[in-house]
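[1] what's the 3D shape of this:
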Amino acid sequence: FAGSLSESLSLSQGGKIAHFLHLPTPDDADSNFPFNEQLWLIVNGAAIKRGGPGNSTLAGQPFYGFGQDSRVVANDAGKVLVSAWTSEAFDTGLFVINGNTETRIAQNGEAYAGPGPYNGWTVNVSNAFSMNETGDVVYQLFLSDPNNNSSFATLLLENGSVIATSNDTVGGLQVSDVEDFALNETGQTAYEFAFDTNGDPFGGSGIAIGGVPIAYTGLVVDGRTIDSVGSFDLNDNGQLLYSASFTDGSSALIVTSVPEPTSLAALALGMAGLIRRRRRPESRDSHSAA
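    Numbering: from 1, shown residues only. Below is the predicted model of the structure:
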């Protein structure tokens, strides 16, 4: 059958290509797959897993195929991180496929089993996830309180451990949401967060690594005060590139060096006390604007 490529694809550092391939279903009357097509997961030209009729389990869980919004990330070690449908209602699960080994990371509708105040909350898997060449997996989960329909939380996890949550504090800043993130090959993760300013839960924005705010609303860089931060990226040398808008109406691309993980841990403790004591903007000389 003639096939067509899907939008999601991945290219590893060593050139390994992963993508989805749509193929028509021979039996259009099949009711198990609503789009009347098969969606194959392809890695370097080899078919790894087929969605649609024929496959019933993935990592021991019910498997109803790869959806139109499924994403895939592959690395040179042969691991594939992929989202897939796990029910007829198109609930989503997040899985790692490594040869014949399939591992479930998270699944819609399950109860979150981690430590802290969100234990037992209902999981909704986000399509925001990443994996580096060493196999570190970072992913975002949306949680809802089964006992309170108005209570929600966002978690960012790396290898199953929580690294950021909404309704938390980062260096003394009251976080209201955790948003985009970037993972480098050393396992460092930079993430964007919104925080409360003057009673507005989303009045400020920042970028943090290891619980330390690196750039945020109110920080002074080269004599200008950041109003908001935008896009960002993190390289393997511990350099963070981010865009910032300033209160004077100007904007810039800024590169700053990120401390080593051991130094970040010490900074995280110090920053909390510093921000509590000093509410005026803080200046950092390590930032350089372009």
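[2] quick one: the helices in the stretch 151-290 of the chain?
    Along the stretch 151-290 of the chain, the segments classed as helices by DSSP state H, counting those that start in this stretch run 261-277.
[3] how about the strands in it?
    Ranges of strands within the stretch 151-290 of the chain are 161-165, 169-170, 173-183, 189-197, 200-209, 212-216, 220-221, 224-234, 239-246, 251-257, 287-289, based on DSSP state E, counting those that start in this stretch.
[4] distance check, Asn237 against Ala244.
    Counting by Cβ to Cβ, to the nearest Å, the gap from Asn237 to Ala244 is 21 Å. Placement of C-beta: from N, CA and C, glycine included.
[5] typed the wrong thing, it's Leu5
    As judged by Cβ to Cβ, Leu5 and Ala244 stand 37 Å apart.
[6] and what of Leu143?
    Distance of Leu143 to Ala244, computed by Cβ to Cβ: 30 Å.
[7] ok, those two, which is more surrounded?
    Set side by side, Leu143 and Ala244 show more neighbours around Ala244, with 26 against 22, by other Cβ atoms under 10 Å.
[8] surely the more buried one and Val255 touch.
    No - assessed by Cβ atoms under 8 Å, Ala244 is found out of contact with Val255, at 11.3 Å.
[9] return the set of buried residues in the host helix or strand of Glu102.
    In the assignment (DSSP states H and E), Glu102 maps to strand 101-107. Neighbour counts over strand 101-107 (16 or more other Cβ atoms under 10 Å) mark Glu102, Arg104, Ile105, Ala106, Gln107 as buried.
[10] then stretch 188-200?
    Residues of stretch 188-200 classed as buried by neighbour count (16+ other Cβ under 10 Å): Gln188, Thr189, Ala190, Tyr191, Glu192, Phe193, Ala194, Phe195, Thr197.
[11] which ones are touching the first one?
    In this structure, Gln188 makes contact with Ile209, Gly210, Leu234, Gly238, Val258, Pro261, judged by Cβ atoms under 8 Å, 6 or more residues apart in numbering.
[12] name only those of the residues you listed that count as buried.
    For those, a burial check counting by 16+ other Cβ under 10 Å picks out Ile209, Gly210, Leu234, Gly238, Val258.
[13] export the residues you listed to TSV and tack on pLDDT and distance to Ala153?
    Formatted as TSV, these follow (pLDDT from 0 to 100; distance: Cβ to Cβ, whole Å):
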residue	pLDDT	distance to Ala153
Ile209	95	21
Gly210	91	20
Leu234	96	24
Gly238	91	29
Val258	90	26
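[14] need those in a markdown table (columns: distance to Thr92).
    Shown next, in a markdown table, are these (distance: Cβ to Cβ, whole Å):
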| residue | distance to Thr92 |
| --- | --- |
| Ile209 | 28 |
| Gly210 | 29 |
| Leu234 | 26 |
| Gly238 | 33 |
| Val258 | 32 |
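[15] quick check, nearest of the buried residues of stretch 188-200 to Phe129?
    Closest approach between these and Phe129, by Cβ to Cβ: Thr189, at 11.6 Å.
[16] burial of Leu23, as a residue count?
    Count around Leu23 with other Cβ under 10 Å applied: 15.
[17] any idea how far it lies from Val73?
    Distance of Leu23 to Val73, given as Cβ to Cβ: 22 Å.
[18] give me phi/psi at Pro235?
    To be clear, residue 235 is Asn; Pro isn't right here. Main-chain torsions, Asn235, degrees, to the nearest 10: phi -100, psi 180.
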